[in-house]
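> Quick one, structure for this:
(chains A and B)
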Amino acid sequence: SQTIHQWPATLVQPVGSPLSLECTVEGTSNPNLYWYRQAAGRGLQLLFYSVGIGQISSEVPQNLSASRPQDRQFILSSKKLLLSDSGFYLCAWSPGTGNEKLFFGSGTQLSVL
Amino acid sequence: DAKTTQPPSMDCAEGRAANLPCNHSTISGNEYVYWYRQIHPQGPQYIIHGLKNNETNEMASLIITEDRKSSTLILPHATLRDTAVYYCIAYVAASNTGKLIFGQGTTLQVKP
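From the prediction side, this is the model:
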């Protein structure tokens, strides 16, 4: 069966510090991978998605970047965090075969202080 | 992808059916309707999806109007654990270029 791992669960970082959130998927190959962000009391915002290694699409201009160094690994990064980067970050995957049922990780609650 | 419109909040009595509406008047012929729900602080959970025909699974039923401009998610016997934010999404299952964009959803409050 397929599983998705996302870590850390919570993170408190000072403004201006770097960020690296990692997500890995097991039990499938060539998945579509996604990063979403949810600000407090708000809906889910799609940040990045990837349909293959090295292929990253950005949905909104921002202070963040994403990379996919391996087929089942998706990394969200920032060189210098802003206060507005605080939020709940969710990684997700889908089969990428036209059936885009999404499976989400457990999320990372990021607080930038 | 078609934009969807949902009421921001709804209440339902425990044990009764919860009917959550979604408008997608600009939906195209190859766009599916997906429903997810989220109980924070968890990520969204897939519920059901459909194209034209009504669908039913162990979690819910999906009723899509004949013109496909709206749909209703039905939780037949709502429990307190069904309290969550419910998202309706219209999506084109294109050739491996998929992305699902979530709206604000409907916050369903199931009351005892």
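> average pLDDT for stretch B:22-35?
Stretch B:22-35 shows an average pLDDT of 88 in the prediction.
> which residues sit in contact with the one residue in chain B that gets nearest to chain A?
At 2.8 Å from chain A, B:Gly43 is the closest residue in chain B, using C-beta to the nearest C-beta. Every C-beta, even on glycine, is put in place using the N, C-alpha and C of the backbone. By C-beta atoms under 8 Å, 6 or more residues apart in numbering or on different chains, the contact set of B:Gly43 is A:Leu90, A:Ala92, A:Phe104, A:Gly105, A:Ser106, A:Gly107.
> Double-check that B:His77 belongs to a strand.
No. B:His77 is assigned coil when assessed by DSSP: H, G, I helix; E, B strand; the rest coil, not a strand.
> re the thing from before, list just the nearest of the contacts of B:Gly43 to chain B.
Comparing the contacts of B:Gly43 against chain B with C-beta to the nearest C-beta places A:Phe104 closest, at 2.8 Å.
> The residue of chain B closest to chain A: which element?
Using DSSP states H and E, B:Gly43 sits in no helix or strand.
> What does the pLDDT read for the residue lying closest to B:Pro76 once chain neighbours are set aside?
Spatial nearest neighbour of B:Pro76, chain neighbours left out: B:Ala17 (5.4 Å); criterion: C-beta to C-beta, 6 or more residues apart in numbering or on different chains. What the model reports for B:Ala17 is a pLDDT of 97.
> bridging residues for the residue positioned nearest the centre of chain A?
For chain A, the residue sitting closest to the mean C-alpha position, by C-alpha atoms, centre = their mean, is A:Trp35 at 3.0 Å. A:Trp35 has these beta-bridge partners by DSSP bridges: A:Phe48, A:Cys91.
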